[in-house]
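Asks: No sequence on hand, only this structure:
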Ligand SMILES: Nc1ncnc2c1ncn2[C@@H]1O[C@H](COP(=O)(O)OP(=O)(O)O)[C@@H](O)[C@H]1O
Ligand SMILES: [Mg+2]
């Protein structure tokens, strides 16, 4: 284990003997090793200061939550959360306001105690370790910069207060300002910077401590849309360049999809699914996830029979269709929900030849909305359920008109069969 870790660190290094995994070294002795990170070829000029020598075993998750539970009185804010955050990944926690994201982040940082369960940093149980000893840093929505200090001194505050030699401080801050592209602003005070620039100072200040993970609680929500989109890409670049895990909280599903390697989707204190953006979009685990990420048609059905990885369901209009279903999840007679994304729904004036491949549902077109690349068609089936189809604007089917009776058609393979929304 030790030798593999040592192999990964290139070049001369001074290993901190005082630090334990997961915990911050407060001895002020830690120096920085340079190493090539993602996307940088050997020999290419290193722009950034990267990764402390004690960055931990690459095989051990940076953060792991085991049955983490949080109660405020009788109210359950986080319910038995179990997931891991890997070294160097961009991980987001996504869910509507009040679902427990901030509480989860505060428990990881140590500002909030867990009611039950365990949190590990770099493999070490830190559930009872105070925040200042945990090797994570948090960027809050309010950047809380020192108004009277310039950019350089704001970022240097932490390293200097640890007693790190001034030459080392200069080198470290210089490199960090280059990573966040503020090298030309080192002598400005916060009130001489834009919102986006202040944000980068806050980021540099948190990263200069070389935490195992950086925790960010809705850091972009105060910015206007354009700056916000620019900062999303910028944050992603910075994260990739320094290779430290980012744990990013947001209620904005588009933001989570844009930025994350993996996302935990939360609802009412529960982690409903953890996965890559593609997994979450194409294979949502629950009706909540399907509806929260993008647009989803959620059609209530009854399971006629279920066998191995398929189930037969009855759609409005009486057609029975074989759809993919996780083996053992459904029995005949169960209520279930068919999920199909609007871009997978086609419209046709005639019912297509079937052969078992297509789900076909008779619908009435209730609205056609021009949205540039797609026509958003709102439909109603014979059971009164609303459906949406996104039709390619260049492939408008003959007969598509407001009030027309048509067939909504989709590939049975495009469907996910989900349990109905949990009651209570
Ligand atoms: N200190 C507290 N005391 C009581 N309830 C709290 C406390 N902190 C958070 N909550 C409640 O826990 C739930 C989750 O809050 P929070 O984690 O802030 O949600 P989010 O960040 O997802 O919006 C909310 O219902 C909130 O009111
Ligand atoms: Mg919050």
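Replies: Perfect, I can see it now. All values reported here derive from a predicted model rather than from experimental measurement. Ligands and ions are numbered 1, 2, ... in the order given.
Asks: doesn't residue 158 make contact with residue 169?
Replies: No. Assessed by C-beta atoms under 8 Å, residue 169 is found out of contact with residue 158, at 9.6 Å. Bear in mind the C-beta positions are built from the backbone N, C-alpha and C, glycine included.
Asks: Show me what from this protein comes close to ligand 1.
Replies: Those residues of the chain that sit near ligand 1, judged by C-beta under 6 Å from any ligand atom, are 72, 75, 77, 95, 97, 98, 99, 100, 101, 102, 103.
Asks: If you rank these by neighbours, which is first?
Replies: residue 95 (27 neighbours; other C-beta atoms under 10 Å).
Asks: that older thread, neighbour count: residue 169 and residue 158, which is higher?
Replies: Neighbours were counted for residue 169 and for residue 158 using other C-beta under 10 Å; residue 169 has more, 19 against 15.
Asks: Following element in sequence after the one helix or strand that one maps to, please.
Replies: Using DSSP states H and E, residue 169 sits in helix 166-179. Following helix 166-179 in sequence order, the next helix or strand is helix 195-207 (DSSP H and E).
Asks: between that next one and helix 166-179, how many degrees?
Replies: Relative orientation of helix 195-207 versus helix 166-179 (axes from the mean of the first three to the mean of the last three C-alpha atoms, to 10 degrees): 140 degrees.
Asks: other SSEs contacting helix 195-207?
Replies: Here helix 195-207 touches strand 136-139, helix 151-161, helix 166-179, strand 213-217, helix 225-242, going by 3 or more C-beta pairs under 8 Å, 6 or more residues apart in numbering; DSSP states H and E.
Asks: Tell me the buried residues in the second one?
Replies: I take that to be helix 151-161. 151, 152, 154, 155, 156, 157, 159 (16 or more other C-beta atoms under 10 Å).
Asks: and which of the residues you listed is nearest residue 275?
Replies: Using C-beta to C-beta, residue 155 comes nearest to residue 275 of those, at 35.2 Å.
Asks: I figured that closest one hits residue 174, correct?
Replies: No. Using C-beta under 8 Å, residue 155 makes no contact with residue 174, being 9.9 Å away.
Asks: okay, the helices and strands packed on helix 195-207 in TSV with mean pLDDT next?
Replies: Shown next, in TSV, are the helices and strands packed on helix 195-207 (pLDDT from 0 to 100):
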stretch	mean pLDDT
strand 136-139	91
helix 151-161	94
helix 166-179	92
strand 213-217	95
helix 225-242	90
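Asks: Export these to CSV and append columns for distance to residue 87.
Replies: What follows is the helices and strands packed on helix 195-207, written out as CSV (distance: least, C-beta to C-beta, whole Å):
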stretch, distance to residue 87
strand 136-139, 13
helix 151-161, 22
helix 166-179, 19
strand 213-217, 9
helix 225-242, 12
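Asks: Tell me which of the ones you listed sits nearest to residue 187.
Replies: Nearest to residue 187 among these is helix 151-161; the distance by C-beta to C-beta comes to 6.8 Å.
Asks: Show me the domain layout of this protein.
Replies: Following automatic domain parsing, one gets these domains for the chain: 63-150+194-282, 295-418.
Asks: Give me the average confidence score over the shortest one.
Replies: This points to domain 295-418. Across domain 295-418, the average pLDDT comes to 90.
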